[in-house]
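no letters, just coordinates:
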């Protein structure tokens, strides 16, 4: 069996067909999901055909990102080999919940925490806040650089960078993008020196 790696380019002979799902009203709507994911066809690869690898790696940002995500996943699997929670860590780090065991999913459903296995605004905001607090703690203790760039701005920049890296590693899905954009709006307000209260929304000033 041929092993495909992220970033490679292959020439394959495949049998394709249009996405087709069942009409069960209580089942998964595969056709709607395929349309939302811009999947135009599904099929199978002919193993006896003249399949060949065209490039070992395609140097484009999207493929480079997927290569990094694959390496992170391989590292997690290697370090947590035979650990039952390996799939949970993969879900929380790179957004891949396909490796979580079925009995774990049942446990999450019974305890009402299944939504926490998908990377959301909660995870991104927590990581961004942690980076903000850590940078603030370190920056204010180095007067030589704190006098050039205020601690608040340095911590804000660290929080945004941490959120961006996490969102990219998680696959840049739409829910993570929304959180990132809102954090960037909040960061711009902090950078501009506005006095913000977390419990109050940011309001635009009237002309």
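Alright, I've got the coordinates. The structure displayed is predicted, hence computed values, not measured ones.

helix or strand: which one has residue 3?
Assigned by DSSP states H and E, residue 3 falls within no helix or strand.

from residue 134, how far off is it?
Residue 3 sits 39 Å away from residue 134, going by Cβ to Cβ, to the nearest Å. C-betas here are computed from N, CA, C, even on glycine.

also residue 101?
For residue 101 relative to residue 134 (Cβ to Cβ), the value is 33 Å.

per-domain residue ranges of the protein.
The record's domain split for the chain, according to automatic domain parsing, is 9-55, 61-117, 121-191.

nearest residue to the spatially most central residue of the chain other than its sequence neighbours?
In the chain, the centroid-proximal residue (Cα atoms, centre = their mean) is residue 170; its distance is 1.5 Å. Once flanking residues are discounted, residue 170 sits nearest to residue 95: 4.0 Å by Cβ to Cβ, 6 or more residues apart in numbering.

wait, isn't residue 55 in contact with residue 9?
Yes. Under the criterion of Cβ atoms under 8 Å, residue 55 makes contact with residue 9 at 4.1 Å.

in contact with residue 31: list those residues for me.
Contacts for residue 31 (Cβ atoms under 8 Å, 6 or more residues apart in numbering) come out as 19, 20, 21.

gap between it and residue 19?
For residue 31, the distance to residue 19 (Cβ to Cβ) stands at 5 Å.

same thing with residue 48?
Residue 48 sits 25 Å away from residue 19, going by Cβ to Cβ.

the more surrounded of these two?
Neighbour count, other Cβ atoms under 10 Å: between residue 48 and residue 19, residue 19 has more, with 15 against 6.

hang on, the more buried one in a strand?
No. Read with DSSP: H, G, I helix; E, B strand; the rest coil, residue 19 is coil and lies in no strand.
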